[in-house]
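S.K.: Next comes the sequence, and after it the predicted model I'd like to discuss.
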Amino acid sequence: MDKMEIENFIGRNDLPLSKAMQAIDKNANGILFLVDENDRLFGCITDGDIRRFLLSGGKITDQVSCAANLKPLIARSSDEAKTMYHKKNYVVIPIIDGDGRILDLYNGAGNEKKRGALNLPVVINAGGRGTRLDPFTRVLPKPLIPVGELPIIELIMQEYQSYHCDEFHIIVNYKKELMKAYFNDNENHYNISWYDETVPLGTGGGLSLLKGKMHDTFFFANCDALLTANYERMVEFHKQNKNVITIIGAVKNISIPYGVIEMGINGAIEEMKEKPEFSFVTNTGIYIVEPEVVEEMEDNVSIGFPDVVDLQKQRGKRVAVFPISENEWMDMGQLPELERMRNRLYGEGQV
């Protein structure tokens, strides 16, 4: 790697986890190597390490050293790194000198890892009116709004197909005939079963139309969100923990461009923070679900899927969150987000 590339893989060992996640997003290899004040290798941290730390009760504001692997795999030469990498298909191998400083990184010299075949059905809720994207949705249903060369729903479907998830169940209502006509003429010949809402059923109620149809774990997704995260890890987490529902949650970092004051009685200043950053996990609207959830739905009752999650919790069923980074989630629910999605997928100035 050249020097600029290597810098994208290196961070200080006193970073907060939120900053480490941003750095991992930037290098797009799922790992960050940590160095001390003398630039010596201190440890490494992966997106999986961060996820496990958060799931065990850690906070995104904690220092990266709390979740790091302090005994990272290392090589002393390029040949050793290549042998180690290809023997077990590692992500990145650091090559260090005698003082423990990173000389180079080996990541397979461009060899692309293949995605596993999950072969799970995908249910897409595409029945909403998309009022936040008005006036576009006066003409087209939200799923057919183009993001570059393809409508958002087709981009979503192709991402699932990259994991051999080829069976699609699409719940429709608003402008449903346009939706069906588009796919009837589509040269890709997707395997789609359609489910028509006769009345709006919310983000969860449409699942009641699939009773008796789902016989395996399935993905359930809104039609305005695209994930680039590792779907295999999501499903593995879901099954290992025996969840009935796994919510895919994105860690968001928001910087407030002002000084923030916490005020007490009679205007007393209790604390002042200059341009603070807040981190939290938000619902992406994408879930992994067990068939029993569908069978327990009430017929033709409008309900949001977060309320379905609450009902499952009340019944003593296990539900959990699988956290991903904010850069692994693209949402087009509002016009500014739609433009950002276009830019990420196709570059500035593309339509």
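M.R.: Perfect, thanks for sending it. Numbers count the residues shown, from 1 in each chain.
S.K.: C-alpha from now on. contacts and neighbour counts both.
M.R.: OK.
S.K.: Give me the pLDDT for the nearest residue to N13 once chain neighbours are set aside.
M.R.: Spatial nearest neighbour of N13, chain neighbours left out: L34 (5.1 Å); criterion: Cα to Cα, 6 or more residues apart in numbering. We have a pLDDT of 94 for L34.
S.K.: Which secondary structure state does L34 sit in?
M.R.: strand (DSSP: H, G, I helix; E, B strand; the rest coil).
S.K.: Over to K313?
M.R.: Going by three-state DSSP: K313 is helix.
S.K.: about what we covered before: C66 versus the residue nearest to N13, what's the distance?
M.R.: 12 Å (Cα to Cα, to the nearest Å).
S.K.: What's the separation between the residue nearest to N13 and I124?
M.R.: Taken as Cα to Cα, the span from L34 to I124 is 40 Å.
S.K.: Helices of the stretch 101-250 of the chain, start to end?
M.R.: For the stretch 101-250 of the chain, the helices defined by DSSP state H, counting those that start in this stretch occupy 136-139, 152-161, 176-184, 202-205, 231-240.
S.K.: With distance to V91, mean neighbour count and mean pLDDT as new columns, can these be given to me in TSV?
M.R.: Shown next, in TSV, are the helices of the stretch 101-250 of the chain (distance: least, Cα to Cα, whole Å; neighbours: other Cα atoms under 10 Å; pLDDT from 0 to 100):
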stretch	distance to V91	mean neighbour count	mean pLDDT
helix 136-139	42	14	72
helix 152-161	22	20	92
helix 176-184	38	14	91
helix 202-205	38	20	93
helix 231-240	15	16	95
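S.K.: And those helices: which comes nearest K211?
M.R.: Nearest of these to K211, taken as Cα to Cα: helix 202-205 at 11.4 Å.
S.K.: what about P306, how many neighbours?
M.R.: 14 (other Cα atoms under 10 Å).
S.K.: Mind checking which of L34 and C66 has more residues around it?
M.R.: L34 (26 against 18).
S.K.: Now for the more buried one: which residues touch it?
M.R.: L34 sits next to 10-13, 41-45 when contact means Cα atoms under 8 Å, 6 or more residues apart in numbering.
S.K.: could the helices of the stretch 101-250 of the chain be laid out in TSV, adding distance to F218?
M.R.: Shown next, in TSV, are the helices of the stretch 101-250 of the chain (distance: least, Cα to Cα, whole Å):
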stretch	distance to F218
helix 136-139	28
helix 152-161	11
helix 176-184	22
helix 202-205	14
helix 231-240	9
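S.K.: S279 is nearest to which of those helices?
M.R.: helix 231-240 (21.4 Å).
S.K.: Alpha carbons of that closest one, as PDB, please.
M.R.: Below are the C-alpha coordinates for helix 231-240, written out as PDB (Å, rounded to 0.1, in the frame of the first residue of the first chain):
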ATOM      1  CA  TYR A 231     -25.500  -9.600   5.700                       C
ATOM      2  CA  GLU A 232     -23.900 -12.900   6.600                       C
ATOM      3  CA  ARG A 233     -22.800 -11.500  10.000                       C
ATOM      4  CA  MET A 234     -26.400 -10.200  10.600                       C
ATOM      5  CA  VAL A 235     -27.900 -13.600  10.000                       C
ATOM      6  CA  GLU A 236     -25.300 -15.400  12.000                       C
ATOM      7  CA  PHE A 237     -25.900 -13.000  15.000                       C
ATOM      8  CA  HIS A 238     -29.700 -13.500  14.600                       C
ATOM      9  CA  LYS A 239     -29.500 -17.300  14.600                       C
ATOM     10  CA  GLN A 240     -26.800 -17.700  17.300                       C
END
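S.K.: How far away from the center of its chain is it?
M.R.: 13 Å (Cα atoms, centre = their mean, to the nearest Å).
S.K.: circling back to that earlier point, please list only the buried members of the contacts of L34.
M.R.: With burial judged by 16 or more other Cα atoms under 10 Å, the buried subset of the contacts of L34 is 10-13, 41-45.
S.K.: and those as CSV, adding distance to A320 and secondary structure?
M.R.: Shown next, in CSV, are the buried ones among the contacts of L34 (distance: Cα to Cα, whole Å; DSSP: H, G, I helix; E, B strand; the rest coil):
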residue, distance to A320, secondary structure
I10, 31, strand
G11, 30, strand
R12, 31, strand
N13, 29, coil
L41, 34, strand
F42, 32, strand
G43, 29, strand
C44, 26, strand
I45, 23, strand
